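[1] Test case, fold it:
(chains A and B)
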Amino acid sequence: MNSDVLIIGGGLMGSSIALQLAMRGCQCTVIEKASPGRHSSGVSAGGLRLLNRDPAEIPLSVEASKMWRDIESLLDSDCDARFPGQIRVAENKADMDKLEQRAAMVRSLGYQHEEMIAKKELYQLVPALGKGCIGALINRTDGYARPYHAVTAFRRKAESLGVKYYSSTEVYNIEKEADVWSLKTSAGIINGSILVNCAGAWANKFATLLDEPVPLTPKALMLMVTERLPHFVDPVMGAASRKLSFKQMQNGSLIIGGALVAKLDFEKEKTDINWSQLVESADTVVSFFPQLKDVRILRAWAGIEGFMPDNIPVLSQSSTDENAYHAFGFSAHGFQLSPVIGKVMSQLILDGQSELPIAPFAINRFN
Amino acid sequence: MKAHYQLLIIGGGPAGLSAAAMASAEGVSCAVLDEQPTLGGQIYRSIESIPEQRAQQLGSEYLRGKKIAEAFRNSKAEYYPNTKVWSVNKGREVGVLQDNNTRILTADQIIIASGALERPVPFPGWTLPGVMQAGAGQILYKSAGIVPDNGVVLAGSGPLLLLLAWQYLHAGVEVKALLDVTPLGNHITALPKFPRALLAHHYLTKGIAYQIDLKRAGIPMLFGVSELRAEGKELCQRVCFKHSGKQKTIESELLLTHFGVIPHIWLTQSADCKHQWDDSQQCWRPEHDEWGNTTSEGILVAGDGAGINGARSAEYAGRLAGLEVLNSLGVINQVERDSRAVKYRKWMKDDNHIRPFLEKYFQIPKELLATANNETIVCRCEEVTAGEIRQAVRDGHDNTNQVKFFTRCGMGACQGRQCSNAVAHIVADESGKTVKDMGHFRGRPPVSPLTLEQLASLKKEEI
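    Predicted coordinates:
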């Protein structure tokens, strides 16, 4: 079959790009080797975080933040998004200095969204927080949504505009004949004129087939979730000098993460929880919220994600073929960016450039 | 408790205890970890402490447990009751919680003898207080002598239902009715398996004797019951069902149900063992060879956790696994293993003659496994109904795990124990595929919940 645009990877990014292209009249085909949202897209912690972004990502993240506020108009679903803000607490003077420097840096770039708050306001915002914190950095517009619901909403909206999904379909090889891409897949040959690589942790396979391999490392970040608790904390909680990401979800359960890595067998796509790392997470949570010590952990899991050495993604036209594009390597913080990625990539593909700056994300930056 | 054992056995029922006695007799360092306070497993619960009169009421099969317990006590194997295993991985690291202490032990060999659990079957009203599983009723009786004092309705399918009715009868409990939901057609489809079942006739004669006793006592036994439901305001007040073409009602504040048992596979899942769908037993079970070796090296299964074969077979399977461990550890050679295994294999084979018949006879009908009643709550923790599960399938979430992601079914405090099978059946039914194709919930550790403080206390030097 023939299609204008072939997208490899049916996660958030592939689906978001397919949606925006379909909204502008393109015919898209999404090819997903498992099921849409099977890996990092569907099993992430769901954080909508503009706080503490890499400076290169801030323009995109600011726009994404606006899009999430009105996500229902884009996706016909609110993805269960909430916006109680996100904070990074300081436990000592050194932490405060670090956070103040960060806030100053963000202001110097012309953005006002990261603010320092003093101890009094911190404890007003999070009365349940244990003693000993002295202030925090906050973004009041941040929040969280339900990741698998978001993937599903992107996919269903895209499908309603004619995007065709192939699930459980693996791409074995990429060939090009007379300006037509020909993908050899487990569901047969699929042809199209433009190729977009959104294969997440598996993206280097396709970058390599395009003769532009990247230093992408697949890793599996661990999360754990507790039983439901009565509502006790609003903002998403992080810490200046400790690995912590902590939020109370819509249903009352706590999601605890913090960039801790599971043992990963990438070939078999199997992860094994590294308890010694999670000990640290549990310890950190209990030290910030001692009243949670008897809360039961129900599940721990790890999602497979692609990491770049500089922890920012590749968003780029191919350096070897003008009809190929890449959007991958979000390094475990792509969820918030997902709506804007569809926008900038569709502009890049259809208009030759995007309104927002994406030069720092070029694929050839590692050469 | 040592940090390392040659053999760790998880589960203190007939399989675990027999395996421990077998292996420790040859000097292998061995510990049995059991989450129960006393040894014997579910089948021989309280076997060492039960008053004589209650033990007699429970019957001769129960009393077999005494010998197994004695042999274990006379062995050198260490025994840790009240000890929960919250993680096992294929590297044979075992996460243990005992007296609020969290540890990770290692072992050269592991035998998982996790036993079975009652098959949870959602039907209208099953979440009402006063509706319980029959096994829970039996456990209360075995461990504390507690019986219902306002009468009980028993409903479902399978030998345990009949046994419990008989045990209650002897304990003076008013059994208002025994409602058998086994389809009458099963009597015919099971017939070809009947001749082999005769080779294990003691099971059949026992079943018939129970029925005769119940009949003599005037207990109504209704067969071919369908459309079972519990009704009531906030708690169970009556049991409604269809029998002989008519809707009937029995007033009762207690309904105990039983729909057979299925293997407890959460530990073998955690250990990355491969599982397969067993069509005859209508459940998932770990793949294993004739010794109990799973697909994870050095990890064996024995007893009902490997597939449902009952208490006697579990005892023999435990011994076979024990012999295999001795062979793997280099304590005995293959020739000795094989010659010592002969009698256990024969006993096991004899005991298993009854199984094909039982499995056919008590096959649970699809209407119960995959309820068509959309209002029925399937995941009681997250309150997800059958209708929501079917809708998710229609919306393109086309396997069990995707439906879990979307609806949150299986993500609650019971960790999917109560709904995993039902969700798989409903997803398969709605998508017109088989349960085998739909898969089961991926296992997520910890295998049993752990508090934040318990995890935080895991000692660094042990990991």
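
[2] which stretches of the stretch 301-450 of chain B form strands?
    All strands of the stretch 301-450 of chain B, identified by DSSP state E, counting those that start in this stretch, fall at B:377-379, B:384-385, B:450-451.

[3] Among the ones you listed, which comes closest to chain A?
    Closest to chain A of the strands of the stretch 301-450 of chain B is strand B:450-451 (C-beta to the nearest C-beta; 5.1 Å). All C-beta atoms are positioned from the backbone trio N, CA, C, and that covers glycine.

[4] how about the CA coordinates for the helix or strand just after that closest one, as PDB?
    Counting by DSSP states H and E, the next helix or strand C-terminal to strand B:450-451 is helix B:452-456. Provided in PDB are the C-alpha atoms of helix B:452-456 (Å, rounded to 0.1, in the frame of the first residue of the first chain):
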ATOM      1  CA  LEU B 452       7.800   2.100  52.300                       C
ATOM      2  CA  GLU B 453       9.500   1.600  55.700                       C
ATOM      3  CA  GLN B 454      10.000  -2.100  55.200                       C
ATOM      4  CA  LEU B 455      11.600  -1.400  51.800                       C
ATOM      5  CA  ALA B 456      13.700   1.400  53.200                       C
END
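
[5] any idea how far stretch B:448-460 is from the chain center?
    27 Å (C-alpha atoms, centre = their mean, to the nearest Å).

[6] so the closest residue to B:Gln418 other than its chain neighbours is in which element?
    Excluding its sequence neighbours, the residue lying closest to B:Gln418 (C-beta to C-beta, 6 or more residues apart in numbering or on different chains) is B:Pro120, at 4.6 Å. Counting by DSSP H and E, no helix or strand carries B:Pro120.

[7] these two touch, right, B:Pro120 and B:His425?
    No - using C-beta atoms under 8 Å, B:Pro120 makes no contact with B:His425, being 11.1 Å away.

[8] who's more crowded, those two?
    Between B:Pro120 and B:His425, counted using other C-beta atoms under 10 Å in any protein chain shown, the more crowded position is B:His425 (26 against 19).

[9] Just list the residues touching that one, thanks.
    B:366, B:369-370, B:435 (C-beta atoms under 8 Å, 6 or more residues apart in numbering or on different chains).

[10] And stretch A:133-142, how far out from the chain middle?
    That offset, for stretch A:133-142, works out to 21 Å (C-alpha atoms, centre = their mean).

[11] is it true that A:Leu60 lies in a strand?
    No - counting by DSSP: H, G, I helix; E, B strand; the rest coil, one finds A:Leu60 to be helix, located in no strand.

[12] and the gap between it and B:Ser252?
    Applying C-beta to C-beta, to the nearest Å, the value for A:Leu60 to B:Ser252 is 63 Å.

[13] How about the residues of chain B by chain A?
    Neighbours of chain A within chain B, by C-beta under 8 Å from any C-beta of the partner chain: B:87, B:89-91, B:95, B:104, B:272, B:382, B:395-399, B:402, B:405-406, B:408, B:411-413, B:415, B:444-446, B:449-453, B:455-456, B:458, B:460, B:463.

[14] Show me which of those are buried.
    Using 16 or more other C-beta atoms under 10 Å in any protein chain shown as the burial test, the residues of chain B next to chain A include B:87, B:89-90, B:95, B:104, B:272, B:382, B:396-399, B:402, B:405-406, B:408, B:411-413, B:415, B:444-446, B:449-453, B:455-456, B:458 as buried.

[15] Using the three-state scheme, assign the closest residue to B:Asp272 other than its chain neighbours.
    With sequence-adjacent residues excluded and distances taken as C-beta to C-beta, 6+ apart, B:Asp272 is closest to B:Lys90, at 4.4 Å. Recorded secondary structure, B:Lys90: coil (three-state DSSP).

[16] picking up where we left off before, from the buried ones among the residues of chain B next to chain A, which ones fall inside helices?
    Here DSSP state H is the test, and these give B:402, B:405-406, B:452-453, B:455-456 as lying in helices.
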